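1. turn this into a model:
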Amino acid sequence: MMKNKKKSGGEEDDTQTSEREPDGTYRGLANQASYIQKNPNAPNRKVGPIKAPSNIRTITITDMAPDVCKDYKQTGFCGFGDNCKFLHAREDYAHGWQLDKEWENVTKGKKNLQGTIVASADRKKKKNEKDAADEDDAEAAEEALLENIPFACIICRGPYSNSPVVTRCGHYFCEACALKRYRKDPSCAACGAGTNGVFNAAKRLAKLLEKKRARAERLRREAREMGEEVSEEEEEDGEEEEEDGGSD
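-> Got it, this is the predicted structure:
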């Protein structure tokens, strides 16, 4: 009986060693061997708070009032570098009441603060209004451009020659006048900006002058229709402009 028991004990040892040492036989996913030694003192629960590791020290600091580094905010440089305990930020943040006050100052005295219509059933009306607004903007831009163009050359005080030139800053002169002035003074005669010797041919000047004359005549005609008195100087200026246009 004792021999049989010893034999059975030996068989158990053989089976344990066979389970521990893989022999290359696949026994299914449920019977796979695990070589990770489990800690007997580990908690049983898998989910929830995890015990902090003893070899790493973790500190969490929540700064409810972050102070900004004054040197970095004003100059962009801090002598402490990354060791500075203050925040290295250069942004400016405004409080709610400051934003409201700025909005009131911007919109003070203005109308139509209710917002704009994003979508409307009357698409044609909205399109017409948009086209009219675009036309008004284009007319305003054209009027501003025409007002900045004099009828005559500001250097010689006479009509433009057959080959007028335009500078990089957008001012028109006679070619001879511009070159003559450039020999003495390289700056623009109108604004004083540097020309760098660049004088391009003003091909659009004739059309712009014609538009300006037509605009001036239209304004005088509208003034007469509204019952306003047009001074003799304005009429003489208009006649002189027409004569200059004919001489060109």
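
2. what about the helices in this structure?
-> Applying DSSP state H to the chain gives helices spanning 2-20, 70-75, 96-106, 123-147, 175-184, 205-225, 232-247.

3. give me the mean pLDDT for the third one.
-> Think helix 96-106. The pLDDT scores in helix 96-106 average 85.

4. with the shortest one instead?
-> Summarised as a single mean, pLDDT over helix 70-75 is 83.

5. can you list the buried residues in it?
-> Y72, K73 (16 or more other C-beta atoms under 10 Å). (C-beta placed from N, C-alpha, C; glycine too.)

6. and the contacts of it?
-> F77, C78, G79, C84, F86, H88, A89, R90 (C-beta atoms under 8 Å, 6 or more residues apart in numbering).

7. using CSV, list the CA coordinates for that helix.
-> Provided in CSV are the C-alpha atoms of helix 70-75 (Å, rounded to 0.1, in the frame of the first residue of the first chain):
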residue,chain,number,x,y,z
LYS,A,70,5.2,90.4,-13.8
ASP,A,71,8.6,90.3,-15.5
TYR,A,72,7.5,87.8,-18.1
LYS,A,73,4.3,89.6,-18.8
GLN,A,74,5.9,93.0,-19.3
THR,A,75,9.2,92.0,-21.0
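
8. endpoints of stretch 41-55, how far apart?
-> 17 Å (C-alpha to C-alpha, to the nearest Å).

9. can you check stretch 164-175 too?
-> 5 Å.

10. list the contacts of C177.
-> C153, I155, C156.

11. please report how far it lies from H171.
-> 12 Å (C-beta to C-beta, to the nearest Å).

12. check D82 too.
-> The value you get for D82 to H171, if C-beta to C-beta is used, is 54 Å.

13. who has more neighbours out of these two?
-> H171 (20 against 6; other C-beta atoms under 10 Å).

14. hmm, A190 and the more buried one touching each other?
-> Yes - counting by C-beta atoms under 8 Å, H171 touches A190, with 4.0 Å between them.

15. that older thread, out of the contacts of C177, which are inside strands?
-> Per DSSP state E, strands hold no members of the contacts of C177.

16. can you tell me which of those residues are buried?
-> Using 16+ other C-beta under 10 Å, the buried ones in those are C153.

17. JSON lines please, covering the contacts of C177 and showing distance to V166 and pLDDT.
-> Below are these laid out as JSON lines (distance: C-beta to C-beta, whole Å; pLDDT from 0 to 100):
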{"residue": "C153", "distance to V166": "12", "pLDDT": "83"}
{"residue": "I155", "distance to V166": "14", "pLDDT": "85"}
{"residue": "C156", "distance to V166": "16", "pLDDT": "86"}
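
18. now tabulate the contacts of C177 in TSV and tack on distance to E225.
-> Output for the contacts of C177, formatted as TSV (distance: C-beta to C-beta, whole Å):
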residue	distance to E225
C153	33
I155	38
C156	37
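
19. between the contacts of C177, which sits nearest A214?
-> A214 lies nearest to C153 out of these, by C-beta to C-beta, at 20.9 Å.

20. which one of the contacts of C177 is nearest to L208?
-> C153 (14.2 Å).

21. quick check: the gap between the closest one and A202.
-> In terms of C-beta to C-beta, C153 sits 11 Å off from A202.

22. all set now, cheers.
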